[in-house]
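Engineer: Provided below for reference: sequence and predicted model.
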Amino acid sequence: MGERMLRLSFTAEDLLAVTFAPEPAPLMELGLAVAVLQRQPPSPALSRWRHTARRAFPAEARPLLQLIPPTARGPLFLDPLSRGLEAGLDTVLSTPPARVRAELDGRIPEVLRPTPWLRRIAGKEREAWEELERALRAAYGGLLSACWPDIQSAFDAERAWRTRLLAQHGIRTALAGLGPGGRWEGTTLVFDDPADREVSLTGHGVILLPSTLWTGRPLVAHHDDAPSILIYEGAASLPLLGERTSGRPSPLAALLGRTRAAALELLTREHTTSEVARELDISRSSASEHTKALRDARLITTSRDGKAVWHICTPLGLELLAAT
């Protein structure tokens, strides 16, 4: 049997329109979490998390198991990019009936088992969609809500690191490093993959979206009339984030102190001194002391705009975050 690969063919327009998602997508990450719960065998890095998550998975969320397979290749309407959970739910619930039917018809023969509930979802029956909304809210509450701030921090650090990699080494190197076996064959990006799949992009570009839960091969949410989404394994997994918040200090906190480490993580996005104080629940004078220490260590840089003083990570700060 020949080598199996995911082949993602770019046009010149697609290469010019590669962007990074502005923030993690709650429903996209939730769909991946539900898929990971079902994967056999589980990823070694996620086996402990999966054991805990299975106990926390609410009974009200079980209908999602009919829509999201272990491969995570469920219907695309279920996991839109969105700024927050409520915006994502609004997008899902307002999906046009024709799109729902088309996507379910395309997925059921391939990855989903036909069930009476799925037929009611395909028919846009009100009670079935109310049950779907309750299932999504319950699953998010049981699996992700408590750790969402950590997922956001990990996303910010990954985004800053990947952006720097892009600036230093170019688009080809940055994209080839997103998954196992990543390489270019002309303008086609190739990854090792358990199943052969070819995706031809249509000039609308690609949005990069790291996940704290998905491991291994990248996933592609392909759209003919909008940017496709390339989901890949981020540098920090959810189990590692959980260890960091379980009472044990992270290596970075041991090095810098908890508050200063938290400030450095926060500053993967630009913030003012007042915003640092508010986000970390410390006084403005304390925030100023911490940012001065980080600046003296060349981990952040500071600029002034009128009365506001803005801070953001330096390349050295990003490398320290990535290493820990």
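Structural biologist: Now that the structure is in, tell me what you want to look at.
Engineer: any idea how far Asp281 lies from Ile312?
Structural biologist: Separation of Asp281 from Ile312 (CB to CB, to the nearest Å) stands at 21 Å. To be clear about C-beta, it is placed using only N, CA and C from the backbone, and glycine gets the same treatment.
Engineer: The two: which is more packed in?
Structural biologist: Ile312 (16 against 8; other CB atoms under 10 Å).
Engineer: Give the partner strands of the helix or strand encompassing the more buried one in its sheet and their orientations.
Structural biologist: Under the criterion of DSSP states H and E, Ile312 resides in strand 308-313. Sheet pairing of strand 308-313 (DSSP bridges) gives strand 271-272 (antiparallel), strand 300-305 (antiparallel).
Engineer: C-terminal to it, what's the next element?
Structural biologist: Taking DSSP H and E, what comes next after strand 308-313 is helix 315-323.
Engineer: Surely Ala277 touches His290?
Structural biologist: No: with contact defined as CB atoms under 8 Å, Ala277 does not count as touching His290 (9.3 Å).
Engineer: And those two? Which one has more around it.
Structural biologist: With neighbours defined as other CB under 10 Å, Ala277 and His290 compare such that His290 has more, 24 against 20.
Engineer: Double-check that the more buried one belongs to a helix.
Structural biologist: Yes: His290 sits within a helix when classified using DSSP: H, G, I helix; E, B strand; the rest coil.
Engineer: My read is that it contacts Glu279, right?
Structural biologist: No: in this structure, His290 is not within contact of Glu279 by CB under 8 Å, at 11.8 Å.
Engineer: State the helix or strand in which Ala287 lies.
Structural biologist: Element membership for Ala287 (DSSP H and E) is helix 284-296.
Engineer: In CSV, please show the C-alpha coordinates belonging to that helix.
Structural biologist: Coordinates of each C-alpha in helix 284-296 appear next as CSV, following Å, rounded to 0.1, in the frame of the first residue of the first chain:
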residue,chain,number,x,y,z
ARG,A,284,-1.2,49.9,38.7
SER,A,285,2.1,50.7,40.6
SER,A,286,2.7,46.9,40.9
ALA,A,287,2.0,46.4,37.2
SER,A,288,4.5,49.1,36.4
GLU,A,289,7.1,47.5,38.6
HIS,A,290,6.6,44.1,36.9
THR,A,291,6.6,45.5,33.4
LYS,A,292,9.8,47.4,34.2
ALA,A,293,11.5,44.2,35.4
LEU,A,294,10.4,42.4,32.2
ARG,A,295,11.6,45.3,30.0
ASP,A,296,15.0,45.4,31.8
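Engineer: Return the distance of that helix from the chain's centre.
Structural biologist: How far helix 284-296 lies from its chain's middle: 30 Å, per CA atoms, centre = their mean, to the nearest Å.
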